[in-house]
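Asks: Build me a model from this:
(chains A, B, C and D, ligands or ions: 6)
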4 protein chains.
Amino acid sequence: MSAPLPPHPPSPGPHSRDNGDGLPARERIGAWFIGARGSVATTAAVGISALGAGLADVTGCVTELPGVAGPDLPLPGDIVIGGHDITAVPLVKRAEELSTAGVLPAHLPRVLAGPLADVETRLRPGIRHVGAASRREAADRVEADLRAFQAEHRLDRVVVVDLSATEPPAPVDDVFATPAAWERALDGGAAAPPTSSLYAYAALRAGCSFVAFTPSPSIRLPALTTMARQMGIPWAGSDAKTGETLVKAALAPMFATRALRVRSWSSVNLLGGGDGATLADPDNAASKIASKARGLEAILGHPVEGPLHIDHVPHLGDWKTAWDHISFEGFLEVRMNLQFTWSGCDSALAAPLVLDLVRLMSRAHRAGENGPVGALGFFFKDPAGSDEHRLAAQWDALVAWRGRHGAEGRA
Amino acid sequence: MSAPLPPHPPSPGPHSRDNGDGLPARERIGAWFIGARGSVATTAAVGISALGAGLADVTGCVTELPGVAGPDLPLPGDIVIGGHDITAVPLVKRAEELSTAGVLPAHLPRVLAGPLADVETRLRPGIRHVGAASRREAADRVEADLRAFQAEHRLDRVVVVDLSATEPPAPVDDVFATPAAWERALDGGAAAPPTSSLYAYAALRAGCSFVAFTPSPSIRLPALTTMARQMGIPWAGSDAKTGETLVKAALAPMFATRALRVRSWSSVNLLGGGDGATLADPDNAASKIASKARGLEAILGHPVEGPLHIDHVPHLGDWKTAWDHISFEGFLEVRMNLQFTWSGCDSALAAPLVLDLVRLMSRAHRAGENGPVGALGFFFKDPAGSDEHRLAAQWDALVAWRGRHGAEGRA
Amino acid sequence: MSAPLPPHPPSPGPHSRDNGDGLPARERIGAWFIGARGSVATTAAVGISALGAGLADVTGCVTELPGVAGPDLPLPGDIVIGGHDITAVPLVKRAEELSTAGVLPAHLPRVLAGPLADVETRLRPGIRHVGAASRREAADRVEADLRAFQAEHRLDRVVVVDLSATEPPAPVDDVFATPAAWERALDGGAAAPPTSSLYAYAALRAGCSFVAFTPSPSIRLPALTTMARQMGIPWAGSDAKTGETLVKAALAPMFATRALRVRSWSSVNLLGGGDGATLADPDNAASKIASKARGLEAILGHPVEGPLHIDHVPHLGDWKTAWDHISFEGFLEVRMNLQFTWSGCDSALAAPLVLDLVRLMSRAHRAGENGPVGALGFFFKDPAGSDEHRLAAQWDALVAWRGRHGAEGRA
Amino acid sequence: MSAPLPPHPPSPGPHSRDNGDGLPARERIGAWFIGARGSVATTAAVGISALGAGLADVTGCVTELPGVAGPDLPLPGDIVIGGHDITAVPLVKRAEELSTAGVLPAHLPRVLAGPLADVETRLRPGIRHVGAASRREAADRVEADLRAFQAEHRLDRVVVVDLSATEPPAPVDDVFATPAAWERALDGGAAAPPTSSLYAYAALRAGCSFVAFTPSPSIRLPALTTMARQMGIPWAGSDAKTGETLVKAALAPMFATRALRVRSWSSVNLLGGGDGATLADPDNAASKIASKARGLEAILGHPVEGPLHIDHVPHLGDWKTAWDHISFEGFLEVRMNLQFTWSGCDSALAAPLVLDLVRLMSRAHRAGENGPVGALGFFFKDPAGSDEHRLAAQWDALVAWRGRHGAEGRA
Ligand SMILES: NC(=O)c1ccc[n+]([C@@H]2O[C@H](COP(=O)([O-])OP(=O)(O)OC[C@H]3O[C@@H](n4cnc5c(N)ncnc54)[C@H](O)[C@@H]3O)[C@@H](O)[C@H]2O)c1
Ligand SMILES: NC(=O)c1ccc[n+]([C@@H]2O[C@H](COP(=O)([O-])OP(=O)(O)OC[C@H]3O[C@@H](n4cnc5c(N)ncnc54)[C@H](O)[C@@H]3O)[C@@H](O)[C@H]2O)c1
Ligand SMILES: NC(=O)c1ccc[n+]([C@@H]2O[C@H](COP(=O)([O-])OP(=O)(O)OC[C@H]3O[C@@H](n4cnc5c(N)ncnc54)[C@H](O)[C@@H]3O)[C@@H](O)[C@H]2O)c1
Ligand SMILES: NC(=O)c1ccc[n+]([C@@H]2O[C@H](COP(=O)([O-])OP(=O)(O)OC[C@H]3O[C@@H](n4cnc5c(N)ncnc54)[C@H](O)[C@@H]3O)[C@@H](O)[C@H]2O)c1
Ligand code: NA
Ligand code: NA
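Replies: Ligands and ions are numbered 1, 2, ... in the order given. Reported below is the predicted structural model:
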């Protein structure tokens, strides 16, 4: 699990040659990050570059595990990174900040200055403050950026990953219900489309698959999920599962299969960093809290009392501390409890999943899947296309899906 | 999961009538506890009686869950309890102590005084201090007790469950290697057979299936596992998984399937109660520690550093507190950690599993299985007949096994 | 610290005879509880009765410790309990509920049925929904109840303890600023006096000392503190320190005296029980949160970031679980952290303090103190009459104060 | 508390000029570290250099707090560092390792390369494997090193601090009982003097005060404490209190002053680093465990059950994680518990205390104190010259002692 990948020559681009073994050839893939200068995106860019250069090992990469890995997946060196952001802080500066914060090894930003400068040239200004008059224009520009990226770098396909700051939940509104209403809304009207959804729409138009890494509305509006289905484009989401919810998904089935009655499950998340600041705004936290809560009830089969807090504690920086307290009843009504404290570095947990999802989404696209790819629920708090929240069952589903790609036995 | 079972008339005994629905009829089962006056056995006796009388709900009973339950399993009222112990403290007194300690609801020992007095009449003196001259005699007496129990109560079959104090690991010795050598050892010689193994031998001789609920040698000596196989008798073990190891089995696969590198896993178990006192003797703890450690390495695929302590803290009584600290590495060598504190009542956790295992072992026996029943690994720290330690996979195996009994779709 | 007090004949009442040793004689004291049927008050009534009858030991009683104890303090048997409440649930029923919940030993409510029935006869209906027209009438009635209690039971003095449900903070309003304005407000006007303050006012009028055990406004309105001072009546408060804040007061000075820089202190309190339900109303919680937060900044000398949550988790019953996470910096900016989980039974922690405060307030009153007794800050989250929040320094102040009563050397 | 000290010119050496304000002038002090290349000593050397150069702030330095600080204490720039060690790894290399491990800020080892190279020139080979024949010779050489250091750098006085790896407890033996027996033992005999005691003896002979920062025997042998007293030399010890024991000393008085009965206190310490490796040897851990256990009983007034483990978990590096579980009883025998997890960087916690102790010991020496300085018990797990283990009381004692130096009011 831990040996560094050998440095690897990038594959030749569209349409990549056969691997010579009868297997589908690897492709040349674009990874386009919305929020490309954020902590997760920067860590992913550094990490993918480091893996490509043989400077890092694959700890944290699910797509390197037996059962998931396969010669049909792009290698890090096959992936070209670009993206949108609304800030202009140089990527290498963000990398240095992350290194000072202990998220990245001290030497990497320096050693990878070259590759990061290359990525820098492929970053474009994101969408901000869109007036009713300029919605379509914004979406068109994003679409054009995506098409230019794919053409210029001769990419077999592009995966767009939303890694931008979490938005509040979208209001329930008719204009988000159907493709037709959506098209009209783009040309003006009271209900403003969420920015994340403008990006998702542009991605679909450009023929790119999409990953909703955040709980923002993005592609999850009914109008857009319908559109994806109609256009035959696969997507995955939403809200990557990297901390407390991950532990929940592993632990809750234990109570269920042992017939122990969970009576309360209280959760507190303390987080610093940019994400923490965003979530300190209760509107934005609403998205996150909703996606965190869904899984537990699904696993246990009944609602469970207990608060769920997300608090911004700047001093914690990129480290997140979550405390969960679970009270439960056993035989003859005896009360017991379990508590855990998770102390994780969010960006380090998220970044390899970004790589995994780029690899797997490109594979799904190539395999002709369309709509939400439920088999990727393993990665998400609020899995689209699946009702399964138990981590082990999600893992089994992922492995089975990969097996259908012919990965089994060859990884 | 939580409705009380309706009070239920005991089924008529050998050979129980057909249920009238084409399914195998329920049988009348004996549950024979070695260590019948201990905390677990007493809680199991009270709990089974309470369930039979409709005074308790089925929280904690795995065999009541969809996928495992089935009309082919004996009901609590179908089970007659007997056993051996070396102390003579009346069962109802033990029940009152457990009630004062908060393990049993205050009213139950009083309300169930009648059924407990019945069980009392079926308890026999256990084996203690066996000299070389009296080994066979001791085993013979136990066998006779078992045969008498079965005959007197017209039982379809008897399941012997070892719930006695944990013994030290057996020395590796030729006399424990084959049935023939074992028979010779019974008639004298330097190597003394573990007492738990004398019980297991007697159980086999009496045609009873066996559950190694503790980590004691009991049936796990090669001589006896061979004998079980030869005699066509099934057994299950060993060391019921009720606390920290249960959590480990649920959590460790999370690290493995997320490719997170576990670097240390430190465990501390504080326990009071009779079991705590026994385990304070390092010889006895050795059994327990070995069976606790095996699973983690199996799940992670590599050894992991970190201490594993079992400490006796009398003031904690029947409550066990376990603290685990796991340090792990993510992408780009970032170090993170998870810690949990489990605060459980061991007897309340163990007792329903005793019921589950009596039900399931009687079913396995009836189904003609023999040797270690790997499908019951879900219940054990050191699963016999299986290499699977991941809790969710063990659950899947259990459900699949029950499905083969025709339980599927009818539960 | 743990031997049971010998059963003790009540002292003879006003004016109690000399102890014969030159020390001030013990007095006969009334303890009047506002909220007399609540968990804390009931536990206090049971506990004081049990101590008086030699059925309990003094664990948890600060006034039994060397340095604080003294023959000048009333014995449990010298204390007559009465009170107000707005519910009519019989006290003995409340005691049984607390016993089922594990707060009181199973046998006590039964054994103490007699004494509790006596207390029952001394409980009076409390103030509810007071219209503008009936404010003064309500206060007058409470005053009359107090005077009747003192007369009937020939009490040397009465201590009124507010143990009723926490109220929201009082609005800042001129009518609460001076005795004169307050008197006018009693006869009508827009600003409704807090109910707890009506009780406190009545207590002052009846010449009783007062303990603000809760964070409710009660005696803390400027109008009433001025009145207490003018009338020469001592009082103590506010908000008894029984859980997380207690631990904070012990731990925070460690950081301060080691020059470790606390950067965040996050607190979560999960509580069931009646108090939990009250505090789930954010208005009421506001009082509590404010009084909890004050201490930390005072000890550390600077504000500290971090959330402070109080959540109602009914399943936890009378047990409170608090989790605190403290991040701090050491030499050369190294970041470290400490976290703790407190799992306490609030009523069991609070009840002996009620006894302590009745004893000590009666002593302060007798000693002629008036206004807030800062030396009792040891007991409170928001100590009146003192700026000291460090637990050890508060202890030293308490011992010094008791020394001035001549307790030193004789305890 | 957190502003960096201004860079400060070293004071002129023996005998330093008057400060011009009537106060005792600052002196020029030598800090001689036994174990000078270890983690604590290296961090102290880097830290003192950084403070002297105005590159660090005083977080963690007790001697910078009001009540302890004073113009009579040497400034960092007044302190010249030297020492003994048995390894030859360059100090700057050790500093870089500590920086990679996150104990020191990345830039410091580079920026301070000059000062560290200076310290390097003042390090001498330590004592290893001393045969019976060469005991006196070893002690003589150490004494000579100390005398040369003082002379060469024109130091007013030298404080020797034992920062070397912990040794096992010394056997109780007559040869360690009196100065005369000790002198004979130096010239041969069966009982080998602990190496740490050879250093302490040499320090006394060279007229240096001594700090027993570790639990090793060093100066604590009766022979040497007598000698110190006879020679009028002060010393302080033993075993610096930097983690779990520090928290214990702050928390245990809370239970005592609230009359809560502590029934068990279980402690687990997980540590990596050099110190962890040493303590993994149970002989050496014995010293540490004994000094850790003493305090609790002293504070609570009765022995308390519960294990105390020290485990070596290499992956944790310089970070130590300690978990403590405290079960206690309150009023009416209700059981409650508190648990805490301390996650600290031992070297970062210890290093500023080294500076504090050098400053304070030099001051004690100058003030003419001799024998164990009980007022420094605040810093130690096993305070010599004092029976006080309560942290707040130790703090008060320290402040009072500093007050007697005239620090009060001028700091
Ligand atoms: N780190 C994790 O473990 C994790 C897990 C699940 C979800 N997420 C989500 O991933 C997202 C990124 O997290 P992060 O820690 O990198 O946050 P961050 O605040 O560091 O980065 C967000 C980036 O988005 C950019 N951005 C904001 N609005 C934009 C817009 N309209 N167009 C383009 N870019 C825009 C910001 O400028 C910033 O660079 C967040 O939404 C977070 O909730 C993270
Ligand atoms: N409680 C759990 O969660 C759990 C989990 C796994 C395993 N176990 C094991 O179950 C066993 C029972 O636990 P417990 O808490 O009831 O312990 P316990 O000490 O209360 O009971 C043990 C009983 O065994 C009896 N006994 C001892 N030697 C005997 C002998 N030679 N023959 C017959 N009886 C004998 C004792 O008299 C006692 O009544 C222990 O070995 C324990 O390690 C318990
Ligand atoms: N338990 C602790 O450790 C602790 C610590 C500090 C403060 N307190 C405070 O002590 C108070 C009592 O706590 P509890 O757990 O007993 O709560 P509880 O809810 O069990 O009891 C409150 C009682 O007050 C009564 N009450 C409500 N309004 C009243 C009124 N107007 N007049 C008279 N009685 C009235 C209620 O009927 C109830 O019987 C709460 O305010 C709580 O916040 C408790
Ligand atoms: N770090 C803390 O918080 C703390 C607290 C209390 C006590 N201590 C004690 O401080 C000591 C140092 O801790 P550390 O983390 O720096 O350990 P370390 O292992 O990093 O350093 C010990 C040093 O002592 C040297 N040494 C060993 N034997 C020697 C000898 N005979 N003569 C001279 N030098 C010798 C070693 O070579 C090494 O450089 C330990 O004894 C530790 O138990 C540390
Ligand atoms: Na879903
Ligand atoms: Na196995």
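Asks: And the residue of the stretch 301-411 of chain A closest to ligand 4?
Replies: The stretch 301-411 of chain A approaches ligand 4 most closely through A:Ser343 (21.1 Å), counting by C-beta to the nearest ligand atom. C-beta here means a position set from N, CA and C on the backbone, and glycine is covered the same way.
Asks: what's across from that residue in the sheet?
Replies: Beta-bridge partners for A:Ser343, by DSSP bridges, are A:Thr321, B:Asn337.
Asks: Show the contacting residues for it.
Replies: A:Trp319, A:Lys320, A:Thr321, B:Met336, B:Asn337, B:Leu338 (C-beta atoms under 8 Å, 6 or more residues apart in numbering or on different chains).
Asks: which other residues reach the helix or strand hosting A:Arg110?
Replies: Here A:Arg110 is covered by helix A:108-111, with elements defined by DSSP states H and E. With contacts defined as C-beta under 8 Å, 6+ apart, helix A:108-111 is touched by A:Val46, A:Ala50, A:Ala53, A:Leu55, A:Ala56, A:Val92, A:Ala95, A:Glu96, A:Leu98, A:Ser99, A:Leu116, B:Leu332.
Asks: So for it, mean pLDDT?
Replies: Averaging pLDDT along helix A:108-111 yields 94.
Asks: Please, where are all the strands along chain A?
Replies: In chain A, the segments counted as strands under DSSP state E are A:29-34, A:79-85, A:123-125, A:157-162, A:209-212, A:234-237, A:261-271, A:308-312, A:319-329, A:335-345, A:371-372.
Asks: quick one: the longest helix along chain A near chain C?
Replies: In chain A, taking DSSP state H as the definition, the longest helix is helix A:346-366. No. Using C-beta under 8 Å from any C-beta of the partner chain, helix A:346-366 stays clear of chain C, coming no nearer than 16.0 Å.
Asks: Quickly check: that helix near ligand 1 or not.
Replies: Yes. Helix A:346-366 lies within reach of ligand 1 by C-beta under 6 Å from any ligand atom, at A:Asp346, A:Ser347, A:Leu349, A:Ala350.
Asks: ok, so of those residues, who is nearest ligand 2?
Replies: Nearest to ligand 2 among those, counting by C-beta to the nearest ligand atom, is A:Leu349 at 33.7 Å.
Asks: out of everything not next to it in sequence, what's closest to that closest one?
Replies: For A:Leu349, ignoring the flanking residues on the chain, the nearest one in space by C-beta to C-beta, 6 or more residues apart in numbering or on different chains is A:Thr242 at 4.0 Å.
Asks: what does A:Glu27 give?
Replies: Excluding the flanking residues, the one nearest A:Glu27 by C-beta to C-beta, 6+ apart is A:Asp156, at 3.6 Å.
Asks: Point out where the stretch 1-150 of chain A drops to low pLDDT.
Replies: Within the stretch 1-150 of chain A, the stretches with pLDDT under 70 are A:1-24.
Asks: quick one on the thing from earlier: which pair in the residues of helix A:346-366 next to ligand 1 has the greatest spatial separation?
Replies: The span of those, defined through C-beta to C-beta, is set by A:Ser347 and A:Leu349 at 7.3 Å.
Asks: A:Tyr201 contacts A:Arg136, correct?
Replies: No. Counting by C-beta atoms under 8 Å, A:Tyr201 does not reach A:Arg136; the two are 9.6 Å apart.
Asks: Just want to know which of these two has more residues nearby.
Replies: Between A:Tyr201 and A:Arg136, A:Tyr201 has the larger neighbour count (other C-beta atoms under 10 Å in any protein chain shown), namely 29 against 17.
Asks: which ones are touching that one?
Replies: With C-beta under 8 Å, 6+ apart, A:Tyr201 has these contacts: A:Ala139, A:Trp182, A:Leu186, A:Pro193, A:Leu224, A:Met227.
Asks: now swap in A:Phe149 and tell me
Replies: A:Gly30, A:Trp32, A:Val80, A:Gly82, A:Arg122, A:Leu155, A:Val158.
Asks: Now do the buried residues in stretch A:60-70.
Replies: By 16 or more other C-beta atoms under 10 Å in any protein chain shown, the buried positions in stretch A:60-70 come out as A:Gly60, A:Cys61, A:Val62, A:Thr63, A:Glu64, A:Leu65, A:Gly67, A:Val68, A:Ala69, A:Gly70.
Asks: oh sorry, the question was meant for stretch A:69-83
Replies: Residues of stretch A:69-83 classed as buried by neighbour count (16+ other C-beta under 10 Å): A:69-70, A:72-83.
Asks: For D:Thr278, state which of the contacts of A:Ser343 is nearest.
Replies: D:Thr278 lies nearest to B:Asn337 out of those, by C-beta to C-beta, at 23.4 Å.
Asks: What is the neighbour count of the closest one?
Replies: Neighbours around B:Asn337, by other C-beta under 10 Å: 20.
Asks: Same question for A:Ala202.
Replies: Neighbourhood size, A:Ala202 [other C-beta under 10 Å]: 25.
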